[in-house]
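Chemist: structure for this input, please:
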Amino acid sequence: MREDADVNSSSPAFPTILVVEDDYLIRLNISDSLADCGWHIVDVASADEARAVLETGVPVALVFSDIQMPGRMNGLGLAQWIRENRPEIRIILTSGGISATEVAAALCDEGPIPKPYNPQRIAERIRHHLCLGDDSALAQ
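Modeler: You can find the predicted model right below:
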């Protein structure tokens with residue numbers, strides 16, 4: 001797990017985004033792009049790691065997760081767990097495959113984003129979701 005900021009010091013002006021991506025280079029790229037937008041970023045390599053982070057109760061505004069990942073739980077399972085256990089958290093799912101998009105559409109906000117994706121488009125989607133959830137959660 002890599003933290004670009006102290007997750008416990010997240011302020012409403014700069015909410016924490018949890019990035020869940022098993023491909024290291026993709027995870028590094030999107031995490032850096034989102035950190036450049038001013039958000040606090042925590043990134044992990046699996047849904048299991050993400051769940052462990054979320055079980056601590058740390059304040060996370062949004063989870064940006066790949067769907068297809070190795071491990072006991074994939075991104076769909078993580079999204080379902082979040083809906084049941086941390087319903088205040090917004091969810092954006094992404095995938096290079098199209099087989100899970102219908103299921104993903106029911107679990108994430110406004111449907112999944114296909115890979116390859118543009119980091120700017122991700123930042124715009126995150127801004128939109130955080131604005132919908134709470135005006136105080138807007139980032140710069």
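
Chemist: helices or strands next to the longest helix anywhere in the chain in the packing?
Modeler: Secondary structure of the chain per DSSP state H: the longest helix is helix 119-133. In terms of contacts (3 or more CB pairs under 8 Å, 6 or more residues apart in numbering; DSSP states H and E), helix 119-133 is packed against helix 24-36, strand 62-66, strand 90-95, strand 113-114. For the C-beta atoms, the positions are set from N, CA and C on the backbone; glycine is no exception.

Chemist: straight-line length of stretch 50-62, end to end?
Modeler: Using CA to CA, to the nearest Å, the end-to-end distance of stretch 50-62 comes out at 12 Å.

Chemist: now do the buried residues in that stretch.
Modeler: 50-51, 53-54, 60-62 (16 or more other CB atoms under 10 Å).

Chemist: and residue 19, how close does it get to residue 81?
Modeler: 17 Å (CB to CB, to the nearest Å).

Chemist: so which of these two has more stuff around it?
Modeler: Neighbours per residue (other CB atoms under 10 Å) separate residue 19 from residue 81, with residue 19 holding more: 27 against 16.

Chemist: that one in helix, strand or coil?
Modeler: Recorded secondary structure, residue 19: strand (DSSP: H, G, I helix; E, B strand; the rest coil).

Chemist: who's the closest spatial neighbour of it, skipping the chain neighbours?
Modeler: Closest residue to residue 19 apart from its sequence neighbours, by CB to CB, 6 or more residues apart in numbering: residue 43 at 4.1 Å.

Chemist: the host helix or strand of that neighbour pairs with which strands?
Modeler: According to DSSP states H and E, residue 43 maps onto strand 40-44. In the sheet, strand 40-44 lines up against strand 2-3 (antiparallel), strand 16-20 (parallel) (DSSP bridges).

Chemist: now do that strand: distance to the chain's middle.
Modeler: Computed by CA atoms, centre = their mean, to the nearest Å, the chain-centroid distance of strand 40-44 equals 9 Å.
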